[in-house]
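*Asks:* I'd like to go over a predicted model; first the sequence, then the structure.
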Amino acid sequence: MSHTDLIVLGVGFAMLVHLAIGVPLFIVLGLGSLGMIVSAGVYSPSVLGDVPFSALNNWALLAMPLFILTGDIISSGRIARQLVRLGQAIVGWITGGLGMATIMGCFFFAGTSGSNSADTVAIGKIMVPSMVESGYSKPYAAGLAAAGGCLGIIVPPSLIFIIYGVVSSTSVGDLFLGGVLPGVLMAGVMCIANYLVCRCSSWGARERTAFRLSEVGRAAWAARYGLGAPAVILGGIYSGLFTPTEAASVAVAYCLFVEIFLTKGLKAREVPKLLVRSGSIAGIIGPVIAFSVLFAEVLAVLRIPDRLATGLLSMASGYVSGVLLIAVLLLLVGCFIETIAALIIISPILQPIAQGLGINSVHFGVFVVCALTVGFITPPVGINLFAASAITGEPYMRIASRVWPLCLALVLAVLIIGFVPWISTWFM
């Protein structure tokens, strides 16, 4: 083991300790980066300012605060509740139906928010209290909201697909369409996992209600504006009216108009408060992204991801083993590096390997994003776990200890997506 490897392991252990005692994630990432820079003698400490600034000074990232604002508008008005009601009408009659409704609510909400954290916060605020009242353990209920929030960057429109398209020169529109069926698959396997949890453990609840087709119809009609948002956004993108990044602004305008003038779930005087609140959330996520990019860049200079990828993929003897090893690598990276930073550093390494295996660029992009999405609910980074902890007051690690069935379900979905290209390329 080289001197550099020992430094990385030592700094990594120190970062885990700091996370365990509650140091904010962006500080841990910044201090970890500084520790590696000083100990390994790479770069200059001045990059602590330059790289994070450059990371946030990106046109594509302009969509982030706008999608967060969209999610806040919806959660403060009536659209989110209407979408949750639709989810309850569709799956509420099954054992564990309230948990499934949480996942379905996240699925429908993802079509307007484009953000995993907004998905987790908006649906979690509505559904976690109801689940706890119905008999779900609070940590598991929070875990359901966190896991469902993973759909926020798979179901189009998606902030991460926009960023991946920019980084890899892949059509963002094709990535959006490629994410539709994987989103359905991931929602489906999580619903099945929740059903099994509710049948076999004390974490969930076995509540059941009668299925009524008329209620599904009424709920779908009530949720028409929320369901119409993806059609407006994607229709505008594919007709050339606006770019995917500009779609975030359209989403804000559409949701504001609907909530203020149609559903009347929001008053104009409440908008400044939403701007402040959304700005605060973006202010929390922004430093995490900035220092994640710095951390990823330091690791890249030390050639840690390159050596890891080369070591794993040198064992591949064909398509099946290649896809399996790529999945393992992405799942490991997603645990430790924020998704945007992971995309920036991992994509250039893996793309040539994917081309050598004959993997379509859109299929590979969807596969990469879906695999990294699992990292939203796995320690130590697990951004959705932090978001769920913030809205429920449950400790981060307690939620993480209850979310593993949903995590396993997502891993299964990722493998299916990797081995069945048609799921991502059905429109081509």
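*Replies:* Yep, that arrived.

*Asks:* which residues sit against stretch 323-338?
*Replies:* 12, 288-289, 292, 295-296, 299, 305, 308-309, 312-313, 315-316, 342, 345-346, 350, 353-354, 357, 359, 367-368, 371-376, 378-381, 383, 411, 414-415, 418-419 (CB atoms under 8 Å, 6 or more residues apart in numbering). C-beta here means a position set from N, CA and C on the backbone, and glycine is covered the same way.

*Asks:* filter these to the buried ones?
*Replies:* Neighbour-count burial (16 or more other CB atoms under 10 Å) is assigned, among the contacts of stretch 323-338, to 12, 288-289, 292, 295-296, 299, 305, 308-309, 312-313, 316, 342, 345-346, 350, 353-354, 357, 359, 367-368, 371-376, 378-381, 383, 411, 414-415, 418.

*Asks:* where in this protein is the helix or strand with the lowest mean pLDDT?
*Replies:* helix 304-313 (a mean of 70; mean pLDDT, DSSP states H and E).

*Asks:* after that helix, which helix or strand is next?
*Replies:* Later in the chain than helix 304-313, the nearest helix or strand by DSSP states H and E is helix 319-336.

*Asks:* report the angle between the lengthiest helix in the chain and helix 319-336.
*Replies:* Longest helix of the chain, by residue count under DSSP state H: helix 271-301. For helix 271-301 against helix 319-336, the angle by axes from the mean of the first three to the mean of the last three CA atoms, to 10 degrees is 120 degrees.

*Asks:* name the residues of helix 271-301 that are buried.
*Replies:* Of all the residues in helix 271-301, those buried under the rule 16+ other CB under 10 Å are 271, 274, 278, 281-282, 284-300.

*Asks:* repeat that for stretch 333-348.
*Replies:* Neighbour-count burial for stretch 333-348, with 16+ other CB under 10 Å as criterion, is recorded at 333-347.

*Asks:* and Leu324, how far is that from Val51?
*Replies:* Here Leu324 is placed at a distance of 33 Å from Val51 (CB to CB, to the nearest Å).

*Asks:* ok, and what's touching stretch 199-206?
*Replies:* So stretch 199-206 is contacted by 95-96, 98-99, 131, 134-137, 139-140, 194, 197-198, 402 (CB under 8 Å, 6+ apart).

*Asks:* repeat the analysis, applying 7 Å as the threshold.
*Replies:* Contact with stretch 199-206 is made by 95-96, 98-99, 134-137, 140, 194, 197-198, 402, as judged by CB atoms under 7 Å, 6 or more residues apart in numbering.

*Asks:* repeat for stretch 353-366
*Replies:* For stretch 353-366, the external contacting residues (CB under 7 Å, 6+ apart) are 164, 168, 170, 174-175, 178-179, 182, 313, 319, 322, 417, 421, 424-425.

*Asks:* now those: which count as buried?
*Replies:* 164, 168, 170, 174-175, 178-179, 182, 313, 322, 417, 421, 424-425.

*Asks:* can you report how many residues lie near the closest residue to Val288 other than its chain neighbours?
*Replies:* Among residues not flanking Val288 along the chain, Phe26 sits closest, at 4.8 Å (CB to CB, 6 or more residues apart in numbering). Using other CB atoms under 10 Å, Phe26 has 21 other residues around it.

*Asks:* how much space separates Phe26 from Leu274?
*Replies:* Taken as CB to CB, the span from Phe26 to Leu274 is 24 Å.

*Asks:* ok, now Phe261?
*Replies:* Plainly put, Phe261 is 16 Å away from Leu274 if you go by CB to CB.

*Asks:* Arg206 now?
*Replies:* 38 Å.

*Asks:* picking that back up, and which of the contacts of stretch 199-206 is nearest Asn57?
*Replies:* Closest approach between the contacts of stretch 199-206 and Asn57, by CB to CB: Arg402, at 38.5 Å.

*Asks:* just checking, that closest one touches Tyr140?
*Replies:* Yes - counting by CB atoms under 7 Å, Tyr140 is a contact partner of Arg402 at 4.2 Å.

*Asks:* those two - which one has more neighbours?
*Replies:* Tyr140 (28 against 23).

*Asks:* could you say which helix or strand holds that one?
*Replies:* Using DSSP H and E, Tyr140 sits within helix 138-149.

*Asks:* what lies in contact with that helix?
*Replies:* Here helix 138-149 has contacts from 99, 102-103, 106, 116-117, 119-120, 123-124, 127-128, 131-132, 190, 194, 203-204, 376-377, 384-385, 387-388, 392, 394, 398-399, 402-403, 406, using CB under 7 Å, 6+ apart.

*Asks:* try it again at 6 Å.
*Replies:* With contacts defined as CB atoms under 6 Å, 6 or more residues apart in numbering, helix 138-149 is touched by 99, 102-103, 106, 116, 119-120, 123-124, 128, 131-132, 190, 203, 377, 384-385, 388, 392, 394, 398-399, 402-403, 406.

*Asks:* ok so, going back, between the buried residues of stretch 333-348, which sits nearest His3?
*Replies:* Nearest to His3 out of these is Phe336 (CB to CB; 20.9 Å).

*Asks:* give me the low-pLDDT residue ranges for the chain?
*Replies:* 1, 60, 113-114, 207-208, 305, 308-309, 312-313, 316 (pLDDT under 70).

*Asks:* what about the strands in it?
*Replies:* Counting by DSSP state E, the chain has no strands at all.

*Asks:* which among the contacts of stretch 199-206 gets closest to Tyr43?
*Replies:* Checking the contacts of stretch 199-206 against Tyr43 with CB to CB, the nearest one is Arg402 at 39.8 Å.

*Asks:* give the contact list for that closest one.
*Replies:* Pro139, Tyr140, Gly143.

*Asks:* what's the local residue count around the first one?
*Replies:* Applying other CB under 10 Å, we find 21 other residues in the vicinity of Pro139.

*Asks:* from Gly226, how far out is it?
*Replies:* Noted for Pro139: a distance of 28 Å to Gly226, by CB to CB.

*Asks:* swap in the second one?
*Replies:* Look at Tyr140 and Gly226: by CB to CB, they are 26 Å apart.

*Asks:* now swap in the last one and tell me
*Replies:* Taken as CB to CB, the spacing of Gly143 relative to Gly226 amounts to 24 Å.

*Asks:* ok, Leu324 and Val51, which is more surrounded?
*Replies:* Set Leu324 next to Val51 and count neighbours by other CB under 10 Å: Val51 wins out with 19 against 16.
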